[in-house]
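> turn this into a model:
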Amino acid sequence: MPFDVEAIRGDFPILERTTPDGLPLVYLDSANTSQKPRVVVEAIEDHYLNHNANVARAMHLLGAEATEAFESARATLASFIGAERSEEIVFTKNASEALNLVAHTLGARLRPGDEIVISVMEHHSNIVPWQLLASRTGAVLRWYDVTDEGRLDLDAAVRDGLLNERTKIVSVAYVSNVLGTLNPVAEIAAAAHAVGAVVVVDASQAVPQLPVDVSTLGADLLVFTGHKMVGPTGIGVLWGRYDLLAELPPFLGGGEMIEIVTMAGSTYAPPPHRFEAGTPPIAQAVGLATAASYLTDLGMDQIAAHEQQITAYALQGLATIPGLRVLGPSEPVDRGGAISFTLTDARGDQVHPHDVSQLLDSRGIAVRGGHHCARPLHERFGVQSSTRASFYLYTTRGEIDALVDGLGYTMRFFGGTR
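Predicted coordinates:
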């Protein structure tokens, strides 16, 4: 269908809201969580009102309908990211749980002295599980640094022998949630596979805004989350090559992840059910499949093009604000729709991002202030925190104009202009 932003906004009732002061809502925090179209909310409502039952265990009409809806959702998500078979899709409660699942199960293979490689630009969800794994196993955690522009420093990695015969796992973000940087995952995967490492990709910021095809990406395992792709909260996805998933041990024990249970021991179900202990997020899966279908109908190529255009427009506007420093790429090339920045007033003092966020909020503009669950990356750039504006398929140029005007007001408030 044609990509008409104003028509698309009509699918999102929350975007029609105003603030208590009567100002229009300008939502620029989609990297944190996206808004939900009416069709997703209605799909969840319909499931609960008309088809609610547990899956894979109730031998009645509602149970059959719920099971069919849940497994159909799995197939929809497999198609959405180009997976070869639906059994490669594991439902989790979010991307963080999926990464913990991966770290825990891959960790069974590690020995002291083995190396895990991540990057300094990772979200805490792709740092802490690997730190815990290294602590448990005696493995060594290493990482890619970034250039001053906010790109992975691949040249330094080669020079320093970051990937070597001791490397067992490489886990990197597809798109940075702070810098917006689009990382060369296929190139990284090829280098990792050359030394025999397993490649994990955190695609939480990529799957919502880019066409993602796991059959060509080079990843062995990939995670993303529903709430950033116009889907519900409380559900994430782990994709993995089926042969690899079949080799991995369970993560959690409980109902439905088993094959046979005796008091002497248990055997486990094949993937994906091996990794889905207990009652899964059934209604959330239905909502997520509806979200994936919604994005497919709009066209991921068109969504990506809009994201690039609106980000380019925003970068141009932000460049007019005195004292504003963009963290990461300042050109709309190989980057996503999240822009983090700092503000410095005329005295040379940094305006705290929480103050920036509050002043913008007073004008109806929603952004995020803080370290965005990426404190090591902020330390790399010599700042404690930043303000982040992030865009999506429903963001308009008028909202970018409001942001630029709001930042001008903020700088005047703090004496940022002479």
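> okay, now residue 4: neighbour count?
By other CB atoms under 10 Å, 10 other residues sit near residue 4. Every C-beta, even on glycine, is put in place using the N, C-alpha and C of the backbone.
> oops, could you answer that again for residue 27 instead?
Counted with other CB under 10 Å, the neighbours of residue 27 add up to 24.
> which parts of the stretch 301-418 of the chain are helices?
Ranges of helices within the stretch 301-418 of the chain are 353-361, 375-380, 397-413, based on DSSP state H, counting those that start in this stretch.
> would you reformat the ones you listed as TSV and include distance to residue 368?
Below are the helices of the stretch 301-418 of the chain laid out as TSV (distance: least, CB to CB, whole Å):
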stretch	distance to residue 368
helix 353-361	7
helix 375-380	13
helix 397-413	13
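> quick one: closest of those to residue 180.
Evaluated with CB to CB, the helices of the stretch 301-418 of the chain place helix 375-380 nearest to residue 180, the distance being 11.9 Å.
> adding mean neighbour count, write the helices of the stretch 301-418 of the chain out as JSON lines.
Shown next, in JSON lines, are the helices of the stretch 301-418 of the chain (neighbours: other CB atoms under 10 Å):
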{"stretch": "helix 353-361", "mean neighbour count": "18"}
{"stretch": "helix 375-380", "mean neighbour count": "17"}
{"stretch": "helix 397-413", "mean neighbour count": "18"}
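> please identify which of those helices is closest to residue 279.
helix 375-380 (34.7 Å).
> now the helices of the stretch 301-418 of the chain in TSV, please, with extra columns for mean pLDDT.
Compiled in TSV, the helices of the stretch 301-418 of the chain are given as follows (pLDDT from 0 to 100):
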stretch	mean pLDDT
helix 353-361	97
helix 375-380	97
helix 397-413	96
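> so which of those comes closest to residue 216?
helix 375-380 (28.0 Å).
> the nearest residue to residue 132 once chain neighbours are set aside and residue 59: what is the separation?
Sequence neighbours aside, residue 103 is the residue nearest to residue 132 in space, at 7.1 Å (criterion: CB to CB, 6 or more residues apart in numbering). For residue 103, the distance to residue 59 (CB to CB, to the nearest Å) stands at 37 Å.
> between these two, which one's more packed in?
Neighbours were counted for residue 103 and for residue 59 using other CB under 10 Å; residue 103 has more, 24 against 6.
> tell me the contacts of that one?
With contacts defined as CB atoms under 8 Å, 6 or more residues apart in numbering, the neighbours of residue 103 are 129-130, 132-133.
> please identify which of those residues is nearest to residue 162.
Minimum distance to residue 162 across the contacts of residue 103 is 14.5 Å, recorded for residue 130 (CB to CB).
> who are the packing partners of the helix or strand hosting the closest one?
Element membership of residue 130, judged by DSSP states H and E, is helix 128-137. Applying 3 or more CB pairs under 8 Å, 6 or more residues apart in numbering; DSSP states H and E, we find helix 128-137 packed against helix 95-106, strand 115-119, strand 140-144.
> how about the CA coordinates for it, as CSV?
Taking Å, rounded to 0.1, in the frame of the first residue of the first chain, the C-alpha atoms of helix 128-137 are listed here in CSV:
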residue,chain,number,x,y,z
VAL,A,128,25.4,-8.3,31.7
PRO,A,129,24.4,-11.9,30.6
TRP,A,130,27.9,-12.3,29.1
GLN,A,131,29.6,-10.9,32.2
LEU,A,132,27.7,-13.4,34.3
LEU,A,133,28.6,-16.2,31.9
ALA,A,134,32.3,-15.3,32.0
SER,A,135,32.2,-15.2,35.8
ARG,A,136,30.6,-18.6,36.0
THR,A,137,32.9,-20.3,33.4
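> got the angle between it and strand 140-144?
150 degrees (axes from the mean of the first three to the mean of the last three CA atoms, to 10 degrees).
> show me what helix 128-137 is in contact with.
Helix 128-137 is contacted from outside by 99-100, 102-104, 106-107, 110-112, 114, 116, 118, 139-141, 169, 171, using CB under 8 Å, 6+ apart.
> chain center to it, what's the gap?
21 Å (CA atoms, centre = their mean, to the nearest Å).
> check stretch 221-233 too.
Counting by CA atoms, centre = their mean, stretch 221-233 is centred 7 Å from the centre of its parent chain.
> how about the helix holding residue 130: buried residues?
Buried positions in helix 128-137, judged by neighbour count with 16 or more other CB atoms under 10 Å: 128-130, 133-134, 137.
> nearest to residue 290, of those residues?
Closest to residue 290, out of all of the buried residues of helix 128-137 and judged by CB to CB, is residue 129, at 29.6 Å.
> without its sequence neighbours, what residue ends up closest to that closest one?
Excluding its sequence neighbours, the residue lying closest to residue 129 (CB to CB, 6+ apart) is residue 103, at 3.8 Å.
> so how far is residue 320 from that neighbour?
According to CB to CB, residue 103 and residue 320 sit 43 Å apart.
> residue closest to the middle of this protein?
The residue lying closest to the centre of the chain (CA atoms, centre = their mean) is residue 204, at 1.6 Å.
> pretty sure that one is touching residue 227, no?
No. Shown here, residue 204 and residue 227 do not form a contact pair, counting by CB atoms under 8 Å, at 9.5 Å.
> beta partners for residue 260?
Per DSSP bridges, the residues bridged to residue 260 are residue 267.
> wait, residue 170 touches residue 196, no?
No. Counting by CB under 8 Å, residue 170 stays clear of residue 196, with 10.7 Å between them.
> compare those two and say which is more crowded by neighbours.
Applying other CB under 10 Å to residue 170 and residue 196 shows that residue 170 carries more neighbours, namely 27 against 10.
> can you pull out the helices in the stretch 101-250 of the chain?
Per DSSP H, counting those that start in this stretch, the stretch 101-250 of the chain carries helices over the ranges 128-137, 154-159, 185-194, 214-217, 242-247.
> could I get those as TSV with distance to residue 336?
Listed next are the helices of the stretch 101-250 of the chain as TSV, based on distance: least, CB to CB, whole Å:
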stretch	distance to residue 336
helix 128-137	23
helix 154-159	19
helix 185-194	13
helix 214-217	16
helix 242-247	27
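> a markdown table for the ones you listed, including distance to residue 364 and mean pLDDT?
Converted to a markdown table, the helices of the stretch 101-250 of the chain look like this (distance: least, CB to CB, whole Å; pLDDT from 0 to 100):
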| stretch | distance to residue 364 | mean pLDDT |
| --- | --- | --- |
| helix 128-137 | 35 | 98 |
| helix 154-159 | 41 | 98 |
| helix 185-194 | 37 | 98 |
| helix 214-217 | 39 | 97 |
| helix 242-247 | 46 | 98 |
